[in-house]
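*Asks:* one predicted model, sequence on top.
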Amino acid sequence: MEIRIRDAGVETLKTDLLVLPVAEKKLQEAPLRALDLRLKGQLKQCIQKSKFAGAEGASLLYSTAGTLPASHILLVGLGQEKDIDHDGWRKAAARARREASAIGAQDIALFFAPNKDTEDRAGAAVEGALLASYQFTRYRSNSKPSAEIRMLTLFRPGLRRSAALDKTINSAQQAAAGVFLARDLVNEPPSVATARFLGEQAERVCRGRGLSVEVWGKKKIESMKLAGLLAVNRGSQEEPRFILMRYKPAGKPRKKIALVGKGITFDSGGLSLKPSKSMETMKLDMAGGAAIIATMSRLPQLRPDIEVTGYVPTTDNLPGANAQKPGDVIRYLNGKTIEVLNTDAEGRLILADALALAARQKPDYMINLATLTGACMVALGSGVGGLFSNNQDLAEHLLRCSRDTGEKLWQLPLVKEYREMIKSSVADMKNIGGAHGGAITAALILQEFVADVPWAHLDIAGPAFAESDQTICPKGGTGFGVRTLLKFLSTL
Ligand code: BES
Ligand code: ZN
Ligand code: ZN
């Protein structure tokens, strides 16, 4: 999809679909009035007959039947003017993109009312239009790709290209490409997307593209004493992998960041087997790892002046004959031990290795993404990720980024009194807590492995996977976290 900026008015632009975003009860504004005048009052009549009033999520399609250079007009509701944020623009553009496909439009022109943050709004709109075009059709025999949108024009009288506008549009395009990669990796069936496959994909997107990459096999993992990854892998026929990716800026890096992602390619629960219904979507359990690989893959294009290392421990969690057993104890490379009482609490077991390894490099910040607990979904629902941090500045920076990207995060506390709940009778800790507060006890276990590095843990069990179609994402992997991480890395 080509993106164009045009200095033009609503009456003159030739396009298949002219999109006019409208705030709630703001149907009297100049561009709409101008259109209506050209259409001899027909548009107004049509609006009056419909219930369209600019509410968020509402839209109204009008065919101009040759009376204007634009063949269709789409009004999209933005909701109450005071509540319109970047995500409102993102969703409005996503809706327009969907409508355009539905009517077979090949180019869309989005009217951009004058506003002080034209750049950010434009970035959000481009991102929304791109994100809404994602499809995963590799496994359909009869898939007709829906009509390709060739062109997205952003316009208004006086709108001009600028370096700042080009930059936000480029960032949006990069972010969307990252999100698509993460969605693809998650949507791939679990017997295809094995640990080996993830390693190959990391190599494919890093090697020769401005990133260094190492993919450790079982022997190297053994020699590095990544005991948690080996323990979880014991029930599987597939070998584990440990993926390391590094981006270095041209000059001296201002900061060093470690990103860690949970890469369980399928979570059956292990011997603590999940019921079949809960297993249906468990290919999603590498969504954290996929988000890290995807984020890393865009850094050479975005060129932040910081060093970023991505760590993805990956294996499936299966109950094979040699599987780890409840009661087993794992000894980690930082000397700490964990008693495994539930083999389904495996994410923390493999993240512990990666966090301990990453912490040794003393990064300025360490951030991990993991589909870690069903408890986090109980607390926040499926649309919001849980954010835990031992550093409030880091937490607040991530929350600001999340508000910008529309990837919702909510901070949950690391309640130190709850450490009682992870005490073990034989080891330093056990891998499960009590009946309640499961997202917190899981986070407390991770915290044991980060030493004093400023760290944030994003529990993305809910938002990593859409159970039904959404405005900016069809059912399946969402790529959650990629855009917030990219925003974070570009605002450090
Ligand atoms: N991968 C799951 C968490 C999960 C559940 C992600 C639902 C996405 C949707 C994780 O490994 C797990 O099984 N956690 C257990 C922990 C429990 C055994 C302490 C859970 O949340 O039930
Ligand atoms: Zn599990
Ligand atoms: Zn899991």
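*Replies:* Arrived safely, thanks for sending. Numbers count the residues shown, from 1 in each chain. Ligands and ions are numbered 1, 2, ... in the order given.

*Asks:* now the closest residue to ligand 3 within the chain: how far from ligand 1?
*Replies:* Nearest residue of the chain to ligand 3 (Cβ to the ion) works out as residue 267 at 3.7 Å. Using the backbone N, CA and C atoms, a C-beta is placed for each residue, glycine as well. Distance of residue 267 to ligand 1, given as Cβ to the nearest ligand atom, to the nearest Å: 5 Å.

*Asks:* verify the stated contact: that residue with residue 285.
*Replies:* Yes: with contacts counted by Cβ atoms under 8 Å, residue 267 reaches residue 285, the gap being 4.2 Å.

*Asks:* overlap in contacts, the two.
*Replies:* 317, 347 (Cβ atoms under 8 Å, 6 or more residues apart in numbering).

*Asks:* mind listing what the residue of the chain closest to ligand 3 touches?
*Replies:* Here residue 267 is in contact with 274, 279, 282, 285, 316, 317, 344, 346, 347 (Cβ under 8 Å, 6+ apart).

*Asks:* if we use 10 Å, what do you get?
*Replies:* 190, 232, 274, 278-279, 281-286, 316-318, 344, 346-347, 371 (Cβ atoms under 10 Å, 6 or more residues apart in numbering).

*Asks:* could you list which of these belong to helices?
*Replies:* Members of the contacts of residue 267 lying in helices (criterion: DSSP state H): 232, 278, 279, 347.

*Asks:* hmm, which two among those are most spread apart?
*Replies:* 232 and 278 (17.6 Å; Cβ to Cβ).

*Asks:* before we move on, the earlier item: give me the subset of the contacts of residue 267 touching ligand 2.
*Replies:* 344, 346 (Cβ under 5 Å from the ion).

*Asks:* is there a quick PyMOL command that grabs whichever of the contacts of residue 267 are buried?
*Replies:* With 16 or more other Cβ atoms under 10 Å as the criterion, this PyMOL line picks the buried residues out of the contacts of residue 267:
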select buried, resi 190+232+274+281+282+283+284+285+286+316+317+318+344+346+347+371
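
*Asks:* just the pLDDT for the residue in the stretch 251-400 of the chain positioned nearest to ligand 2.
*Replies:* Scanning the stretch 251-400 of the chain for proximity to ligand 2 using Cβ to the ion identifies residue 344 as nearest, at 3.8 Å. What the model reports for residue 344 is a pLDDT of 99.

*Asks:* that one touches residue 432, doesn't it?
*Replies:* Yes: using Cβ atoms under 10 Å, residue 344 is in contact with residue 432, at 8.8 Å.

*Asks:* what's the overlap in contacts for these two?
*Replies:* By Cβ under 10 Å, 6+ apart, the residues touching both residue 344 and residue 432 are 272, 326.

*Asks:* which residues of the stretch 1-150 of the chain score low on pLDDT?
*Replies:* 145-146 (pLDDT under 70).

*Asks:* closest residue of it to ligand 1?
*Replies:* In the stretch 1-150 of the chain, the residue that lies nearest ligand 1 is residue 136 (18.8 Å; Cβ to the nearest ligand atom).

*Asks:* what sits closest to that residue if chain neighbours are left out?
*Replies:* residue 187 (4.4 Å; Cβ to Cβ, 6 or more residues apart in numbering).

*Asks:* residues near that neighbour, how many?
*Replies:* 21 (other Cβ atoms under 10 Å).

*Asks:* next one, pLDDT for it please.
*Replies:* 98.

*Asks:* I'd guessed it sits against residue 477; true?
*Replies:* Yes: in this structure residue 187 lies within contact range of residue 477 using Cβ under 10 Å: 4.9 Å.
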